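**Student:** With the input below, show me the fold.
(chains A and B)
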Amino acid sequence: GAGVSQSPSNKVTEKGKDVELRCDPISGHTALYWYRQSLGQGLEFLIYFQGNSAPDKSGLPSDRFSAERTGGSVSTLTIQRTQQEDSAVYLCASSFELGVLAKNIQYFGAGTRLSVL
Amino acid sequence: AQSVAQPEDQVNVAEGNPLTVKCTYSVSGNPYLFWYVQYPNRGLQFLLKYITGDNLVKGSYGFEAEFNKSQTSFHLKKPSALVSDSALYFCAVTANYQLIWGAGTKLIIKP
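**Tutor:** From the prediction side, this is the model:
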């Protein structure tokens, strides 16, 4: 596709359930980022994949959060045993980076709005 | 600690007036600086970036930003605001392999 695609666009779940959020980055982009944005707030970095390097998971808020990127393309963010405080918009971005420096434009998907009841 | 500050939660400007959205940063080394905009119910979009060279950077939609190394600032500006500029604006700076994001400034342009 032409841009970063995220699915689902909206997800309502019950507390304690697991959810999976998907991100299809722009073809050829080497770097993929997951962020969390609470209502009207800034972006909270979650995890970063760059090429074949080990992902930077330093932003994941707890061990209930995990992410993988298969084949250097599609990524899935999984939240286990969801809590109400997990409610937010989860944004995915991709960019083309030759090295490890995040100096190129990040292209964002429209996000997944997660509501935990 | 590396950080980005957007000191104003909200900026109100009358249409046709110049606007400034402030951003200051604290990072080691030479920074790469970005501005992104988030329109209501839409994703984040890149506006402009500073990597090196001319301190005045021109971007999309008539916006520009000036890199000031001595003041560690990268304020976003536009000479004449439009109502359609109303949105949430984020400043970001590269720190190692991540972008450090400011908290965002809500820009409201009143007709």
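
**Student:** Show me what from chain A comes close to chain B.
**Tutor:** By the rule Cβ under 8 Å from any Cβ of the partner chain, the part of chain A lying against chain B is A:4, A:33, A:35, A:40-43, A:45, A:48, A:50, A:56, A:91, A:93, A:100-103, A:105-111. For glycine as for every other residue, the C-beta is placed from the backbone atoms N, C-alpha and C.

**Student:** redo that, cut-off 7 Å
**Tutor:** A:41-43, A:45, A:48, A:50, A:56, A:91, A:100-103, A:105-106, A:108-111 (Cβ under 7 Å from any Cβ of the partner chain).

**Student:** Geometric centre of chain A: which residue is closest?
**Tutor:** Nearest to the mean C-alpha position of chain A, by Cα atoms, centre = their mean, lies A:Trp34 at 2.8 Å.

**Student:** Spit out the contact partners of that residue.
**Tutor:** A:Leu46, A:Ile47, A:Ala67, A:Leu77, A:Tyr90, A:Cys92 (Cβ atoms under 7 Å, 6 or more residues apart in numbering or on different chains).

**Student:** Quick check: A:Ile105 vs A:Asp63, distance?
**Tutor:** 32 Å (Cβ to Cβ, to the nearest Å).

**Student:** Which elements pack onto the lengthiest strand in chain B?
**Tutor:** Assignment by DSSP state E gives strand B:87-95 as the longest strand of chain B. Counting by 3 or more Cβ pairs under 7 Å, 6 or more residues apart in numbering or on different chains; DSSP states H and E, the packing neighbours recorded for strand B:87-95 are strand B:3-5, strand B:33-38, strand B:98-101, strand B:105-110.

**Student:** Tell me which of these lies nearest to B:Lys58.
**Tutor:** When the helices and strands packed on strand B:87-95 are compared by Cβ to Cβ, strand B:33-38 sits nearest B:Lys58, at 11.5 Å.

**Student:** angle of that closest one against strand B:87-95?
**Tutor:** 150 degrees (axes from the mean of the first three to the mean of the last three Cα atoms, to 10 degrees).

**Student:** ok, and for strand B:33-38, which residues are buried?
**Tutor:** B:Leu33, B:Phe34, B:Trp35, B:Tyr36, B:Val37, B:Gln38 (16 or more other Cβ atoms under 10 Å in any protein chain shown).

**Student:** quick one: contacts for residue 60?
**Tutor:** I'll assume chain A. A:Leu46, A:Ile47.

**Student:** that's the other chain; I wanted chain B
**Tutor:** Going by Cβ under 7 Å, 6+ apart, the list of residues near B:Ser60 reads B:Leu47, B:Leu48.

**Student:** Now A:Gln106: phi and psi?
**Tutor:** Dihedral pair for A:Gln106: phi -100, psi 130, per degrees, to the nearest 10.

**Student:** Is it in contact with A:Phe96, as I believe?
**Tutor:** No: under the criterion of Cβ atoms under 7 Å, A:Gln106 makes no contact with A:Phe96, lying 10.0 Å away.
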